[in-house]
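Student: Predicted model, plus sequence, below.
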Number of protein chains: 2
Amino acid sequence: MDAYFHERNSLIDQDLALRRDRVKVKTSTPSELLADGIVRGVRAKEAYSVWHPGGEPAYYGDDNTPHIFPGMEFLTARDIILKTKLFNILLKMPKGALLHAHLDATVNARTLLKLALGHPNLHVRTSRNLSFTNLTSTIPEFRPFVTSPSSSFGLTDENYAPGEWVSIHRARESFHERLGGPAGFDKWFIDSLMINPSEAYEKYNTTSKIWRKFRSTFEVSSELIRYAPIFRGYLHEFLKSSVEDGISYIEARINFHYKFMFGQDGLENIPHREWLVALKQVVEEFRRSLKEQSREDEFIGIKIIYTTLRHAPPEELEWYIEDCIQLKQEFPDLIVGFDLVGHEDTLKPLIDYIDPLTRFKERQNELGIDIPFVFHAGETTGDGTKADMNLYDAILLGTKRIGHGFSLYKHPKLMSICRERGIAIEACPISNEILRLTSSMPMHPLPALLNQGVPIALCSDDPAVFGNMGLTFDYFQVLVASETTGLLTLGQIARDSIQYSLLQSAEKERALELWERRWSKFIETIVHGHHNQDALRN
Amino acid sequence: MDAYFHERNSLIDQDLALRRDRVKVKTSTPSELLADGIVRGVRAKEAYSVWHPGGEPAYYGDDNTPHIFPGMEFLTARDIILKTKLFNILLKMPKGALLHAHLDATVNARTLLKLALGHPNLHVRTSRNLSFTNLTSTIPEFRPFVTSPSSSFGLTDENYAPGEWVSIHRARESFHERLGGPAGFDKWFIDSLMINPSEAYEKYNTTSKIWRKFRSTFEVSSELIRYAPIFRGYLHEFLKSSVEDGISYIEARINFHYKFMFGQDGLENIPHREWLVALKQVVEEFRRSLKEQSREDEFIGIKIIYTTLRHAPPEELEWYIEDCIQLKQEFPDLIVGFDLVGHEDTLKPLIDYIDPLTRFKERQNELGIDIPFVFHAGETTGDGTKADMNLYDAILLGTKRIGHGFSLYKHPKLMSICRERGIAIEACPISNEILRLTSSMPMHPLPALLNQGVPIALCSDDPAVFGNMGLTFDYFQVLVASETTGLLTLGQIARDSIQYSLLQSAEKERALELWERRWSKFIETIVHGHHNQDALRN
């Protein structure tokens, strides 16, 4: 029997040998190992006390009790998660870098509403008269106007003519009682920006259905965020909420598809470079505010991955490539990468853009600049489909990281290339689950990538739409869905998020050093919290 | 660009190099390549004409239209699948061997009803009075009686006392009008033996909920199949429907948990050896009937994998091990393997049984017999859980194949061991989907195993419960869920099902030879059918 267990442990070790946390485990401090054990204990305890309180769910009767389990559908689980001890431990964990977030989907919808209401210039309209039955399928359209073209009517008056603009405050204050009044307006606003459980898990519960709803949230939010005054407030909120969650560095994707923002004069004439000027100003203010609280070490900075939509014909991509080069030349420390975004399953695959992308690399060489590719690829359940094959082209084009890489687990050679060349995967588990690539965390293939030693960074993708602000929720979902994964796994992922970022050497070293210091403090908090608990009990 | 595509093709080749169908593709005949192309064409065409007829599903309105797609939930898709050209092509494909099927869940429920009604000795009872509201949650219990202990009342009379036995014909004929009369009885009977879409996809749509319903179908069916006269008819139907579907050889799992069957005298005293005597007789009769039609080459035979439940304490397993040895000694050509069955997530893992299983192997050595292990392992979404770890123990114990191996895709070392040692995976895709390990075929990790070169056999597992009689449905679901997979992939899987069976060398060679002949004919049918269509069009 001893011989059997010896052989068994050896086989398990060989099987998990490539895991990046295994390497770390060998060099862990006693406190780290203890903290890992404490957290595993909390997870095991709450697997029953929180997620399985009555034992097996009743088979007969009570069929409508939702079956809750660790790693279940996030939109339904969110409120339960917030009350767990595990979540509250993870809140305090230093998260490292957020490497995959679409800037126009990073701020809480309720906060965006508050920002919007702070700008009376904003007007709203709808394409049809709102009614109780069409409320959830009719989105608001926003635009700033200096001289008000306001309709004589409120948005929900029976005389409102679809297409006419109403000032946001008037629309809200006169929102019909039958539709909930001002509170109803707020709900309508927020619902148009988010995916709710019924949409993800019932009405639109397949990838192609949910992407339509997903896209419509951007139709609404982009018009608000493209109003320069709101953009600044939005950015500030994003930085603030990220740092509060323990994120110290961000590489955000800005969608430069729209060529202009709206200015305070209501004109759609603010070019891309002004967006980055504004970004730099907001970052400066934010750093100052942190310094006032002696918290400046909590924020390394934010850099931008230039993105545009993957539906443009290859010739049109040239404009965006040139634009990206110009922005890089003007803001060399700000622009760190280039990507194409949009629904991989239905829009153009990377293979369609080989010519312009190859020329892009040549242009960079000529100009002596470096704008690495950081491509979305494999965000699909397809096998051998165009989206799945994007993984090949992303790697051939020299991508530095892969966004999502959901279907990567099927590809043995590609996984070993990612491991050997240090191509990290920007894994977005909650996004993948809500956008119906997978039904719940236990079904998510992330453990396959972890076991193959592929470097992983955890990312929120579009927290405004999903409700997974910060990174604590994504770390939580990954932790509860596996017995192999533990706190040290999460620590390695956070460490890797900085290691595989596009920071320059000196910046990166400093970022890692600062993170290690915060990590040690975090570990000590867990260990001492546990000892205090024991002391109280004894 | 040429250079790029050259590099790309090379990368794809390297990535798919381990696939067992890639090896085959290199040696395929022109007809085989043509047939593969034809089938891919049919798949591509029907992806739109059958599965996507209106284009993108309407986003607004029409929310209740189920979203259909290739590889969607089988229970909902079944009727659509039956009408496709692709399914009707696959019906004619020689399937090779069925290596994973639980004998007591292999025959169509409607056929089992017919068999049951042919035995008036059978009586039925319920644990509570049936009503419209409790019909689907109250199962029938069956037992044969020679002298009828019949209740004076029908099963649905208001005076029926729960627990009293009613003869099956009386119960059926007097089944209350309000509950559908005799047709209602039939529906109640069949529903108790099968999982319907609403159960799998709504009411019990998680693994642990659906397993309760799944287990209850066996509670009902085992009492019928344990009636020796029904057992013979059941076996005959199983062989007949298998051969009709193009299956030529079967390794069926018999659950020997119950120590006795009921005889025609109503006594529960027919021991295991008699079950196998009956099996041999049914097989003889079946072979004779095939020979009368000159179809004897379509059926190599059926062998048995001895199984018992994985909930017994380790000491109790000894009885079943001894029993298995005795049956092997009496029926050396019939017993080919040993396995433990039952819900892996909640019952005992293999690690609990190391002692008795190790002693089992020693006993076999002493006696000069060989009863290979053919373990269920990894039928779970767990990661690092007991069920997931069963994969390690199955391999350490020397399993010849692995049943399900659903979580194998996460384990790099274990996959390479399976590839190198030729441990085939008995993949049961439709079962995995209905039992909620995965939500649809595009999410099933089978492509990961195919790309790692792990030998695969496709299996139905419990067709009586799922409705996936034969193997055509499972082959269909695998084919439509991937662009990489084609007809030649399916051919390799069918070939491997014989290659990795537990047939002895000479039998295996003959079985493979017969299969190759049928495969060639099948290929020619596809090619000529296509030419005839072209000819008709021109």
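Tutor: Nice, thanks for sending it over.

Student: Now the helix or strand that contains A:L90: buried residues?
Tutor: Secondary structure from DSSP states H and E places A:L90 in helix A:85-91. Neighbour-count burial for helix A:85-91, counted by 16 or more other C-beta atoms under 10 Å in any protein chain shown, picks out A:L86, A:F87, A:I89, A:L90, A:L91. Bear in mind the C-beta positions are built from the backbone N, C-alpha and C, glycine included.

Student: Can you tell me which of the residues you listed lies closest to chain B?
Tutor: Of all those, A:L86 has the smallest distance to chain B: 16.8 Å, by C-beta to the nearest C-beta.

Student: and stretch A:133-142, anywhere near chain B?
Tutor: Yes - for stretch A:133-142 and chain B, the contact criterion (C-beta under 8 Å from any C-beta of the partner chain) is met by A:S137.

Student: ok, the residue in chain A sticking out farthest from the centre - contacts?
Tutor: Largest separation from the mean C-alpha position in chain A: A:M1, at 47.8 Å (C-alpha atoms, centre = their mean). A:M1 sits next to B:I354, B:D355 when contact means C-beta atoms under 8 Å, 6 or more residues apart in numbering or on different chains.

Student: if we can go back for a sec, a markdown table please, covering the buried residues of helix A:85-91 and showing pLDDT and distance to chain B.
Tutor: Shown next, in a markdown table, are the buried residues of helix A:85-91 (pLDDT from 0 to 100; distance: C-beta to the nearest C-beta, whole Å):
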| residue | pLDDT | distance to chain B |
| --- | --- | --- |
| A:L86 | 97 | 17 |
| A:F87 | 98 | 20 |
| A:I89 | 97 | 20 |
| A:L90 | 98 | 19 |
| A:L91 | 98 | 24 |
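
Student: Identify the farthest-apart pair in the residues you listed.
Tutor: Farthest-apart pair in these is A:L86 and A:L91; separation 9.9 Å (C-beta to C-beta).

Student: Help me confirm that A:F360 is found in a helix?
Tutor: Yes - under DSSP: H, G, I helix; E, B strand; the rest coil, A:F360 falls within a helix.

Student: Please report how far it lies from chain B.
Tutor: A:F360 sits at a distance of 14 Å from chain B (criterion: C-beta to the nearest C-beta, to the nearest Å).

Student: Leaving out sequence neighbours, find the closest residue to that residue.
Tutor: In this structure, A:F360 finds its nearest non-sequential neighbour in A:I321, 4.9 Å apart by C-beta to C-beta, 6 or more residues apart in numbering or on different chains.

Student: Spell out which parts of the stretch 151-300 of chain A neighbour chain B.
Tutor: A:K203, A:Y204, A:N205, A:T206, A:S208, A:K209, A:R212, A:K213.

Student: could you flag which of those residues are buried?
Tutor: A:K203, A:Y204, A:T206, A:S208, A:K209, A:K213.

Student: now the strands for the stretch 301-450 of chain A?
Tutor: A:301-309, A:335-341, A:374-377, A:401-404, A:424-427 (DSSP state E, counting those that start in this stretch).

Student: In terms of secondary structure, what does the first one contact?
Tutor: Counting contacts by 3 or more C-beta pairs under 8 Å, 6 or more residues apart in numbering or on different chains; DSSP states H and E, strand A:301-309 is packed against strand A:247-255, helix A:272-292, helix A:314-330, strand A:335-341.

Student: Which residues outside it are in contact with it?
Tutor: The contact list for strand A:301-309 (C-beta under 8 Å, 6+ apart) reads A:102, A:239, A:249-257, A:276, A:279, A:283, A:317, A:320, A:323-324, A:327-328, A:333-342, A:347, A:371, A:374, A:502-503, A:507.

Student: ok now do A:S221, which residues does it touch?
Tutor: A:D104, A:A105, A:L112, A:L193, A:A464.

Student: can you check A:A47 too?
Tutor: Going by C-beta under 8 Å, 6+ apart, A:A47 touches A:P70, A:V480.

Student: ditto for A:F331
Tutor: Here A:F331 is in contact with A:R273, A:L276, A:K280 (criterion: C-beta under 8 Å, 6+ apart).

Student: Show the buried residues in these.
Tutor: Neighbour counting over the contacts of A:F331 (16+ other C-beta under 10 Å) leaves A:L276 as the buried ones.

Student: Adding pLDDT, write the contacts of A:F331 out as JSON lines.
Tutor: Output for these, formatted as JSON lines (pLDDT from 0 to 100):
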{"residue": "A:R273", "pLDDT": "98"}
{"residue": "A:L276", "pLDDT": "98"}
{"residue": "A:K280", "pLDDT": "98"}
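
Student: hang on, A:G180 packs against A:K187?
Tutor: Yes - contact criterion C-beta atoms under 8 Å: A:G180 and A:K187 qualify, at 6.2 Å.

Student: Just the C-alphas of the helix-or-strand element of chain A with minimal mean pLDDT, formatted as PDB.
Tutor: Sorting the helices and strands of chain A by mean pLDDT, DSSP states H and E puts helix A:20-26 at the bottom, at a mean of 83. Output in PDB follows, covering the C-alpha atoms of helix A:20-26 (Å, rounded to 0.1, in the frame of the first residue of the first chain):
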ATOM      1  CA  ARG A  20       3.300  27.500 -12.400                       C
ATOM      2  CA  ASP A  21       2.100  27.400  -8.800                       C
ATOM      3  CA  ARG A  22       3.900  24.100  -8.300                       C
ATOM      4  CA  VAL A  23       7.200  25.800  -8.900                       C
ATOM      5  CA  LYS A  24       6.200  28.500  -6.500                       C
ATOM      6  CA  VAL A  25       5.000  26.000  -3.800                       C
ATOM      7  CA  LYS A  26       8.500  24.600  -3.600                       C
END
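
Student: Save the strands of the stretch 301-450 of chain A as TSV, and put in mean pLDDT, mean neighbour count and distance to B:E46 too.
Tutor: As requested, these are arranged in TSV below (pLDDT from 0 to 100; neighbours: other C-beta atoms under 10 Å in any protein chain shown; distance: least, C-beta to C-beta, whole Å):
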stretch	mean pLDDT	mean neighbour count	distance to B:E46
strand A:301-309	98	22	31
strand A:335-341	98	23	31
strand A:374-377	98	28	28
strand A:401-404	98	28	29
strand A:424-427	98	26	34
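
Student: Let me know the closest of the contacts of A:S221 to A:L16.
Tutor: A:A105 (35.1 Å).

Student: helix or strand for A:E32, which one?
Tutor: With DSSP H and E as criterion, A:E32 is part of helix A:30-49.

Student: on that earlier part again, just give the number of residues close to the residue nearest to A:F360.
Tutor: By other C-beta atoms under 10 Å in any protein chain shown, 21 other residues sit near A:I321.

Student: Distance check, it against chain B.
Tutor: For A:I321, the distance to chain B equals 17 Å [C-beta to the nearest C-beta].

Student: just checking, that residue touches A:E362?
Tutor: No - using C-beta under 8 Å, A:I321 is not in contact with A:E362, being 11.0 Å away.
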